[in-house]
Structures are given as C-alpha cells and as structure tokens.
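*Asks:* can't give you the sequence, but here's the structure:
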Ligand code: VGL
Ligand code: ZN
C-alpha cells in the first residue's frame, strides 16, 4: 500500500481514445492491465472522463472547412481541432470495458462547456476555470499524485503541469500512458512537464 497522502489519477481511459475509437491513441488499451493492478496500491483513486457536448468548440466538425488535427485560435489561445470524440452519453465516452471502475472514488468530468476545451484534470484550457479536483484532493489530505492514462502529451501532461504548479509532488508514470504525438507534442509535453517539476517514471 502507498502512503495515505498519495493518490492515483487515471486520465481519460475511454473507448474513443483506444483502438477502434474516434480519437484512437496507438496502444491506448495496452495500459489497462497495469492500471487495474495499480489501483489496488492506492487508498485514493480518481478518474477523469472527457465529456463533451455534441456542439463542442474543440470538434473540427463544428468549424466549417476545418480539418481534424488542424489548429485554430480560441479566445483563450491556440486549440487543436479534434475529430468528434467523447460525446456525453455515447459508447465512445464510456470507460473502456476492461478498465476496473469500482475502485474509483471520484470521477471528474471535463470539457462539458461548449466553448472551452479542458485537457487538464484541474483547469480548463483557459488555465483559470477550475474543475474542483484541487479542493477534493486537499480536503482528503493528498500531497502526492501519480498520473496515468491517455493521452500522455495532452490530458496527462496538462494535468501533470497543473498539479505540480499547485504544489503536489507529481509523478507521470510513462509506461501506463500512451501518446498522440501530434507535430512533436510528446517532446513538448516532456520538456514542459519537467520544467514544472514533474517526475517521469517508467
Ligand atoms: C484528449 C484530445 C482531446 C486527451 C482529450 O484525453 O488527451 N486529447 N480531448
Ligand atoms: Zn476531448
């Protein structure tokens, strides 16, 4: 058992991010057995779930003429336009059936506001609108976080940077993550998380 002040944060292990899904991450389902085993070591386990309305601004389909994986400018900064994914209530938004969900004590849903994307478990992409996770973890006396899930270079990395900036001792368990790696995004994620003080482990 890990110490009581350490929590496991399982990011977006959902059908649409696994092979066959709308925004499939290569090998996304391969991390599930390890996450399933890891959950038994932690007294605190939190899941996140990407949870978009159909009219979400991060979907290329909602920007006439825009191609998936192209970049646009939002009021809060640059935003990748994604294929339609993780629409609320769809099979794609559900957790992968192989993932054990019973150990999760909290599921943070994010990205539900039509006009703003939310990669991080802590703040939406304006880096200001809070999800409430920080308060939950502090109330439970959590000081250290281990992050796993999908995708390494987007939701896991953004969550890790915010966690470290908020003062949590933060480890990104790379072997229990998989990356999208769009235009060097994995290398960027590596340097930005490390600069924020995130520890990468295997
Ligand atoms: C994610 C792109 C769009 C992720 C979510 O979970 O990393 N990436 N929405
Ligand atoms: Zn999303």
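*Replies:* Done, it's in. Everything numeric in this text was worked out from a predicted model, so none of it was measured. Ligands and ions are numbered 1, 2, ... in the order given.
*Asks:* list the buried ones in the host helix or strand of residue 10?
*Replies:* Secondary structure from DSSP states H and E places residue 10 in strand 6-11. Residues of strand 6-11 classed as buried under the neighbour-count rule (16 or more other CB atoms under 10 Å) are 6, 7, 8, 9, 10, 11. (C-beta placed from N, C-alpha, C; glycine too.)
*Asks:* Find the nearest non-adjacent residue to residue 84, please.
*Replies:* The shortest distance from residue 84 to any non-neighbouring residue, by CB to CB, 6 or more residues apart in numbering, is to residue 59 (4.9 Å).
*Asks:* Kindly provide the distance from that neighbour to residue 85.
*Replies:* With the distance defined as CB to CB, to the nearest Å, residue 59 ends up 8 Å from residue 85.
*Asks:* and if you look at residue 192?
*Replies:* Computed with CB to CB, the distance linking residue 192 and residue 85 is 23 Å.
*Asks:* Which of the two has more residues huddled nearby?
*Replies:* Taking neighbours as other CB atoms under 10 Å, residue 192 and residue 85 compare with residue 85 leading, 24 against 15.
*Asks:* So the more buried one is in contact with residue 54, correct?
*Replies:* No - judged on CB atoms under 8 Å, residue 85 makes no contact with residue 54 at a distance of 11.0 Å.
*Asks:* Next secondary structure element downstream of the strand holding residue 10?
*Replies:* From strand 6-11 onward toward the C-terminus, using DSSP H and E, the following helix or strand is helix 32-38.
*Asks:* Buried residues in that next one, which are they?
*Replies:* Along helix 32-38, the positions that meet the burial threshold by neighbour count (16+ other CB under 10 Å) are 32, 35, 36, 38.
*Asks:* now stretch 36-47
*Replies:* Of all the residues in stretch 36-47, those buried under the rule 16+ other CB under 10 Å are 36, 38, 39, 42, 44, 45, 46, 47.
*Asks:* my read: residue 150 touches residue 24, true?
*Replies:* No - under the criterion of CB under 8 Å, residue 150 lies out of contact with residue 24, with a separation of 9.7 Å.
*Asks:* So those two - more neighbours on which side?
*Replies:* Between residue 150 and residue 24, counting by other CB under 10 Å, residue 150 is the more crowded of the two (32 against 19).
*Asks:* Identify the residues contacting the closest residue to that one other than its chain neighbours.
*Replies:* Of all residues not flanking residue 150 in the chain, residue 17 sits nearest, at 4.2 Å (CB to CB, 6+ apart). Each residue near residue 17 by CB atoms under 8 Å, 6 or more residues apart in numbering is listed here: 23, 24, 25, 28, 50, 85, 86, 150, 151.
*Asks:* contacts with ligand 1 among the residues you listed, please.
*Replies:* 50, 150, 151 (CB under 6 Å from any ligand atom).
*Asks:* Can you flag which of those belong to strands?
*Replies:* Within these, residues falling in strands by DSSP state E are 50, 150.
*Asks:* Give me the mean pLDDT for the longest strand along the chain.
*Replies:* Of all the segments of type strand in the chain, defined by DSSP E, the longest one is strand 169-178. Per-residue pLDDT over strand 169-178 has a mean of 98.
*Asks:* All set, thanks.
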